[in-house]
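[1] A predicted structure for the sequence below; I have some questions about it.
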Amino acid sequence: MAKQVKTAISPTRNEDYPEWYQQVIKASDLAERSPVRGCMVIKPWGYALWENIVQAMDNLFKATGVKNAYFPLFIPLSFLEKEAEHVEGFAKECAVVTHHRLEKGEGGRLEPAGPLAEPLVVRPTSETIIGDSFSRWVSSYRDLPILINQWANVVRWEMRTRIFLRTSEFLWQEGHTVHATAEEALERTRMMLDVYTTCVEEYLAMPVIQGHKSPAERFPGAVDTLCIETMMQDRKALQSGTSHFLGQNFARASEIKFQSAAETEEYAWTTSWGSSTRMIGGLIMTHGDDDGIILPPKVASAHVVLLPIIRKPGDQQSVMDFTEKLALELKEQTYHQRKVVVEIDDRDIGGARGWDWIKKGIPLRVEIGPRDIAQNSLFVGRRDQASNENKAIDRDQFVAAITDILDEIQQNLFQRALAHRKEHTVAIEDKKTFYEF
RNA sequence: CGGGGCGUAGCGCAGUCUGGUAGCGCACUUGAAUGGGGUUCAAGGGGUCGGAGGUUCAAAUCCUCUCGCCCCGACCA
């Protein structure tokens, strides 16, 4: 008799949301905790998801004229001291490198040796080190604008970490631009917020609300910080990207000056904008259900898993042939600039196999047995539908329709998240009502 | 960093109060039977009991210190 298990994940979201989050990640095969405090190991299933997000976002950046570059991991301590408010905000929570050698000490232990003349800070963000380069890249208004992005890791020694949502080290992109006028810099600040909105809504299927951060929440040294927020299933908001108008603050700190057409020397206007692996945390908390994560097709690590069902040894050959031929045809389909990614799972582990893929959030599961082959059909389960709602679909129709089905899932996930947000949003016009609420 | 909880096999836990041969479930390996929703049976492998020091004939268990994890709070640029 099959074990009576109602949901693949325990506890459910309603029972204990934070614990559900931990469990759903464990079951998803996306990532795991590492021996290093607050740091995570991103496993292949999770990294493929990140690569797809990177790809989508990178294309959107480049479409606005942004180019990628790379700057050092280490920032001289003195660089961080240049911008007064920046100093305030970044004085804490940084990893600092003070030595450059290890020596064998007492009892064979390795001990730091060779103190550095100036400590190096592992970048928590790169305004200052990139600003240093910009100061040399800019001398004339003809050099502007400069539109740079880097994909990198950064370290922020947070007191409390949660996998994907806030880790000591995380992967992100940081864009840094330099402009001749405040208007142009402001326009860029808003433009990149729109790019984030597009990416998060169209690829991650998460409805976004744009806004301004309060002065207290503003990036240290910024004149204005714009952000996008998304509502999780526990009805809390998650910041999923920020875009900063830095005014001339960092230009003054880093001496980014240029000669204008009117032959005057002026400080440039800069922006910076970032988004990180936290988006994956948001994705999990937006779409996940009590059976695990649900990956939106446009960024899913894989689109469809084929599950051959072999009952008798004699069926092995014909089922596998049918499966592999189907895989080849599916892989030829293109879904939003990406070839359809197909997994074949022929492990002989019974029903646990299907549940593995449900927990991993793959959009489509296809069971292939002798019965299906006889009828040239497939038994298809969609991750955005109940786990027992599988349907028989004609094989050739499925191949022809797979991109439409994936689109349907993508849309469905977005609409579901949007409905959830609407249901739990209240418009409040005055302070009194707000505090009462 | 403050409050609370917890560290025993890959995961989840019992054993700790009352010191006496290291256990259970799942996972894993092998074999067999099954087979379209977590199947069953059998036989196996795997543990410095987070770490260090102490008490004792004897420590997972008692004492001291320490490290780490989870939740809440502050922080989250």
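    Thanks, I have it.
[2] Tell me where the model's unsure across the stretch 201-350 of chain A.
    Along the stretch 201-350 of chain A, the model assigns pLDDT under 70 to no residue.
[3] one more time with 80
    Along the stretch 201-350 of chain A, the parts satisfying pLDDT under 80 run over A:313.
[4] and it, which of its residues are near RNA strand B?
    Within the stretch 201-350 of chain A, the positions near RNA strand B by CB under 7 Å from any atom of the strand are A:216-220, A:222, A:225, A:239, A:242, A:291, A:309-312, A:348-350. Where C-beta positions appear, they are placed from N, C-alpha and C, glycine not excepted.
[5] Just the buried ones from those residues?
    A:218-220, A:222, A:225, A:242, A:291, A:309-310 (16 or more other CB atoms under 10 Å).
[6] roughly how far out does stretch A:163-172 sit from the chain middle?
    Computed by CA atoms, centre = their mean, to the nearest Å, the chain-centroid distance of stretch A:163-172 equals 10 Å.
[7] is it up against RNA strand B anywhere?
    Yes - residues of stretch A:163-172 are located near RNA strand B by CB under 7 Å from any atom of the strand, namely A:163, A:166.
[8] now the end-to-end length of that stretch.
    14 Å (CA to CA, to the nearest Å).
[9] Flag every buried residue along it.
    Neighbour-count burial for stretch A:163-172 [16+ other CB under 10 Å]: A:163-172.
[10] Looking at those residues, which two lie furthest apart in space?
    Among these, the pair separated by the greatest distance (CB to CB) is A:I163 and A:W172, at 15.4 Å.
[11] ok, back up a step: what is the nearest of the buried residues of stretch A:163-172 to A:R136?
    Checking these one by one against A:R136 (CB to CB), the nearest turns out to be A:W172, at 24.9 Å.
[12] Pick the one among the buried residues of stretch A:163-172 closest to RNA strand B.
    Nearest to RNA strand B among the buried residues of stretch A:163-172, counting by CB to the nearest atom of the strand, is A:R166 at 5.2 Å.
[13] how many neighbours does the residue nearest to that closest one when sequence neighbours are not counted have?
    Leaving out its chain neighbours, the residue that sits closest to A:R166 by CB to CB, 6 or more residues apart in numbering is A:E158, at 5.4 Å. By the measure other CB atoms under 10 Å, the count of residues near A:E158 is 14.
[14] For A:E158, give its distance to A:D396.
    Applying CB to CB, to the nearest Å, the value for A:E158 to A:D396 is 52 Å.
[15] Could you do A:P296 as well?
    Distance from A:P296 to A:D396, by CB to CB: 26 Å.
[16] more crowded one of the two?
    More neighbours surround A:P296 than the other of A:P296 and A:D396, with 28 against 13 (other CB under 10 Å).
[17] what's that one in contact with, if anything?
    Neighbouring residues of A:P296 by CB atoms under 8 Å, 6 or more residues apart in numbering: A:203-205, A:283, A:287, A:363, A:409-410, A:413-414.
[18] Out of the buried ones among the residues of the stretch 201-350 of chain A next to RNA strand B, name the ones that lie in strands.
    Of those, the ones assigned to strands by DSSP state E are A:225, A:242.
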